[in-house]
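Q: Quick one, structure for this:
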Amino acid sequence: MKKLTVLSRSLCRYLSYCSMAVLALIMSLMTVDVMLRHLFNRPITGGYDVITITMTILVFASWSYAQTEHSHVHVTMFLSMMPPKLRFACFGFTSILSTGIMAFATVATFQQIFKMIAEKISTGTLFLPLWPFMAIESAAFAVFTMVLALDTVKAFGAIFNEELAKEVQAFWT
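A: Next comes the predicted model:
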């Protein structure tokens, strides 16, 4: 379990670097676009296309890292009032729901890739194919689903293991 946690954390960290790089690209592109528009009345052709399609990478690549750092909102107000075994069972159940929803979303994004390839869907100005960006989004969804599944296993393992119980409860406030 610890090896899986270390592996998922490092994978999520690299995905977050990807997200940070995309953020820097978006900020730079927007800055240059605004400057060119106001100074020379010549905006960057397709700047809007690039920003909108890379925005999905920015957002979805950061979700798994946020989950490993437990910075997503968890409403645990009532869990602290429950007996320990019920507390982790309820948390595990909601974790199963989250994992299931993300698993369905992951499958849907992979299906969307094949649809985009078949229909040759591209951006409006630069005619960039959208499927490579959807592939990155799908990979980010898959990693996020994996991290949620690992957290679900930990939540149910916390019912029987004191060490896991402390780890799971560490981020509850």
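Q: Point to the residue nearest the middle of this structure.
A: Compute the mean C-alpha point of the chain, and by Cα atoms, centre = their mean the closest residue is residue 63, 2.7 Å away.
Q: Identify the residues contacting that one.
A: Going by Cβ atoms under 8 Å, 6 or more residues apart in numbering, residue 63 touches 140, 144. In short, each C-beta sits where N, CA and C put it, glycine included.
Q: I'd like the distance between it and residue 106.
A: According to Cβ to Cβ, to the nearest Å, residue 63 stands 12 Å off from residue 106.
Q: which residues do these two both contact?
A: By Cβ under 8 Å, 6+ apart, the residues touching both residue 63 and residue 106 are residue 144.
Q: So residue 49 sits against residue 126, correct?
A: Yes: with contact defined as Cβ atoms under 8 Å, residue 49 counts as touching residue 126 (5.1 Å).
Q: These two: who's more crowded?
A: residue 49 (18 against 13; other Cβ atoms under 10 Å).
Q: what kind of secondary structure is that one in?
A: Of the three states, residue 49 takes helix under DSSP: H, G, I helix; E, B strand; the rest coil.
Q: Quick check: it vs residue 140, distance?
A: 20 Å.
Q: cool, and residue 54?
A: In this view, residue 54 and residue 140 are 13 Å apart by Cβ to Cβ.
Q: Please identify which of these two sits among more neighbours.
A: Per other Cβ under 10 Å, whichever of residue 54 and residue 140 has more neighbours is residue 140, with 25 against 18.
Q: can you pull the contacts of that one?
A: The contact partners of residue 140, by Cβ under 8 Å, 6+ apart, come to 15, 57, 60, 61, 63, 64.
Q: Only the buried residues of stretch 37-47, if you could.
A: Within stretch 37-47, the residues that count as buried by 16 or more other Cβ atoms under 10 Å are 44, 46, 47.
Q: chain center to it: distance?
A: Stretch 37-47 sits 32 Å away from the centroid of its parent chain (Cα atoms, centre = their mean, to the nearest Å).
Q: What lies in contact with it?
A: The set of residues external to stretch 37-47 that reach it, using Cβ under 8 Å, 6+ apart, is 29, 30, 32, 33, 36, 123, 125, 126, 128.
Q: export that stretch as CSV, just CAs?
A: The C-alpha coordinates for stretch 37-47 follow below in CSV (Å, rounded to 0.1, in the frame of the first residue of the first chain):
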residue,chain,number,x,y,z
ARG,A,37,-3.7,43.8,-29.6
HIS,A,38,-3.3,47.2,-27.8
LEU,A,39,0.0,48.3,-29.2
PHE,A,40,-0.2,47.1,-32.8
ASN,A,41,-3.9,46.1,-33.2
ARG,A,42,-2.6,42.6,-34.2
PRO,A,43,-3.8,39.9,-31.8
ILE,A,44,-2.3,36.4,-32.0
THR,A,45,-4.3,34.4,-34.5
GLY,A,46,-5.7,31.4,-32.8
GLY,A,47,-4.7,32.5,-29.3
